[in-house]
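Visitor: need coordinates for the following:
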Amino acid sequence: MSMFVFLHLALGLTLIIAGNEMTTAALARLGARLGKAWPADSNALLALNNTAPLLVVSVTAILKGHDDLALGSVLGGHIANLLAVLGGSALLAPLLIPARLLRVELPSLFGALLLAFVLAQDGTLGRLDASLLLLGSLAYILLRRRASPRLPTDARNAGGENGGIRQRRRTWLLGPLQLLLGITLLCSGADFLVDGVRDAAQLLGLSDLLSGLTLLALLTSIPLLLNICAGLLRGRRDTAAGHITTACIINLLGTLGLAALLSPQPLSISPNALDIDFPVMLMATLAVLMIFCAGKLPRWLGLLLLGHYAAYILYLALFATGRPQLERLGEIMFHYALPLTALALAIHLWRSR
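Guide: Model (predicted):
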């Protein structure tokens, strides 16, 4: 990969991370002044912070006419979040799984995956399909909004009458400017990132779908990983799994639905995506279900998840290049790796009870 392409990707990722943080901070400040929006660490703002990079990048790819790139980024992002981000987070610190994830997030995750898979069976996602996905996303956001913490009235009015008035004036002046600058950085970063991934794909001989499944999905997962690592360094081991699950749900419903809605023609679903990527998404989700039921994610399971993600990337690389080792790798995964992984997860679940 040439230095120019690398700098293009690095600049795009940097702008996206900076714009994402600035946009979230501006919404938190304006929301607190309105008296009914969310504080900076609420569930709604965290969900926005974790999903905005992939959403903006996918929409940018659609507007540039790269539908397969947008589709690949959503499908690949789901796999990267559940295997690479979750596994990498567990390597940094063993994760604790709150029981509430089993009641809300996991059923919602399976429902989102099932809905996306059923709608994609005819090979396209049209306007009606997009509307159903967006309605599902709205229903999930409202469900999360009900559980979001509210800012106490006393906290909103803290600082005295004169201090509160001065603070409100500063907020109404700086808040919109900060929000506008954050959105500008996000859009500029997405533009750089999409162009950089396209250039890298041409150098590596990858299709738009494969570059979206791999390179673009990994890059847009980095902001989520950074947010989770920051929380783990503060000792918050019980929030990482929820952030990842929420990001997957909103990406499958909201991002994919918006991409299909904005596409000039029905969003085409590659047969390879239905035969390879959707089954991998299902297996990754089932593995996460077993882990979450155990209530914890130790480091050795995080390493196992990362190993499976590496095998998935290797499979795609062999598939793209037509190497004869592809069939052998498939046999190893289906006859040995997956059964042994299922056994390891079952033992982990049994020992946790």
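
Visitor: dump the residue contacts of Leu174.
Guide: Taking Cβ atoms under 8 Å, 6 or more residues apart in numbering, we find Leu174 in contact with Arg29. Every C-beta, even on glycine, is put in place using the N, C-alpha and C of the backbone.

Visitor: test my guess that Thr51 contacts Asn251.
Guide: Yes - the pair Thr51 / Asn251 is scored as a contact, 5.9 Å apart, by Cβ atoms under 8 Å.

Visitor: please enumerate the shared neighbours of these two.
Guide: By Cβ under 8 Å, 6+ apart, Thr51 and Asn251 have no common neighbours.

Visitor: can you tell me the element Asn227 falls in?
Guide: Asn227 is located in helix 217-233, with elements delineated by DSSP states H and E.

Visitor: and after that helix, which helix or strand comes next?
Guide: Scanning forward in sequence from helix 217-233 by DSSP H and E, the next helix or strand is helix 240-250.

Visitor: contact partners of that next one?
Guide: Outside helix 240-250, the residues that touch it by Cβ under 8 Å, 6+ apart are 43, 46-47, 50-51, 54-55, 77-78, 81-82, 85-86, 89, 95, 97-98, 101, 105-106, 108-109, 112, 137, 140-141, 144, 224, 227-228, 231-232, 288, 292, 297.

Visitor: can you check stretch 319-335 too?
Guide: Stretch 319-335 is touched from outside by 205-207, 210, 272, 276, 311, 314-315, 318, with contacts defined as Cβ under 8 Å, 6+ apart.

Visitor: returning to that earlier point: quick one: list the elements packing against the helix holding Asn227.
Guide: Under the contact criterion of 3 or more Cβ pairs under 8 Å, 6 or more residues apart in numbering; DSSP states H and E, helix 217-233 touches helix 3-34, helix 43-63, helix 67-79, helix 86-92, helix 160-204, helix 240-250.

Visitor: low-confidence ranges, the chain, go.
Guide: Applying pLDDT under 70 to the chain flags the ranges 1, 31-44, 145-173.

Visitor: ok, Ile183 - how many residues close by?
Guide: Look at Ile183: counted by other Cβ atoms under 10 Å, it has 17 neighbours.

Visitor: oh, that last question was meant for Leu253, not what I typed.
Guide: 26.

Visitor: Gly77 too?
Guide: Using other Cβ under 10 Å, Gly77 has 31 neighbouring residues.

Visitor: hmm, which of the contacts of stretch 319-335 are the buried ones?
Guide: Buried residues within the contacts of stretch 319-335, counting neighbours by 16 or more other Cβ atoms under 10 Å: 206, 210, 276, 311, 315, 318.

Visitor: who touches the fifth one in this structure?
Guide: Same thing as Tyr315. If you count contacts by Cβ under 8 Å, 6+ apart, Tyr315 has them with 276, 326, 329-330, 333.

Visitor: now it. Its backbone dihedrals?
Guide: Main-chain dihedrals, Tyr315, degrees, to the nearest 10: phi -60, psi -40.

Visitor: so which of the contacts of Tyr315 are in strands?
Guide: Judged by DSSP state E, strands contain none of the contacts of Tyr315.

Visitor: for those, work out which two are farthest apart.
Guide: Ile276 and Leu329 (12.5 Å; Cβ to Cβ).

Visitor: thinking again about what came up before, how far off helix 240-250 does the helix holding Asn227 point, in degrees?
Guide: 150 degrees (axes from the mean of the first three to the mean of the last three Cα atoms, to 10 degrees).

Visitor: give me the buried subset of the contacts of helix 240-250.
Guide: Neighbour-count burial (16+ other Cβ under 10 Å) applied to the contacts of helix 240-250 gives 43, 46-47, 50-51, 54-55, 77-78, 81-82, 85-86, 89, 95, 97, 101, 105-106, 108-109, 112, 137, 140-141, 144, 224, 227-228, 231-232, 288, 292, 297.

Visitor: residue nearest the middle of this protein, spatially speaking?
Guide: Taking Cα atoms, centre = their mean, the centroid of the chain lies closest to Ala247, which sits 4.4 Å from it.

Visitor: now that one, nearest residue through space, not along the chain?
Guide: In space, Ala247 comes closest to Asn50 once its chain neighbours are excluded; the distance is 4.4 Å by Cβ to Cβ, 6 or more residues apart in numbering.

Visitor: that neighbour is in contact with Asn227, isn't it?
Guide: Yes - Asn50 is within contact range of Asn227, at 6.2 Å (criterion: Cβ under 8 Å).

Visitor: coming back round to it: wait, what's in contact with the residue nearest to Ala247?
Guide: Applying Cβ under 8 Å, 6+ apart, the residues near Asn50 are 223-224, 227, 243, 246-247.

Visitor: same thing but at 10 Å, please
Guide: Neighbour list for Asn50: 20, 24, 81, 85, 221, 223-225, 227-228, 243-244, 246-248, 250-251 [criterion: Cβ atoms under 10 Å, 6 or more residues apart in numbering].

Visitor: check the gap between it and Glu21 for me.
Guide: According to Cβ to Cβ, to the nearest Å, Asn50 and Glu21 sit 12 Å apart.

Visitor: and for the two, which residues touch both?
Guide: Common contacts of Asn50 and Glu21, defined by Cβ under 10 Å, 6+ apart, comprise 223, 227.

Visitor: with adjacent residues omitted, what lies nearest to Thr255?
Guide: Leu55 (4.7 Å).

Visitor: distance check, the one you found against Leu179.
Guide: 16 Å.
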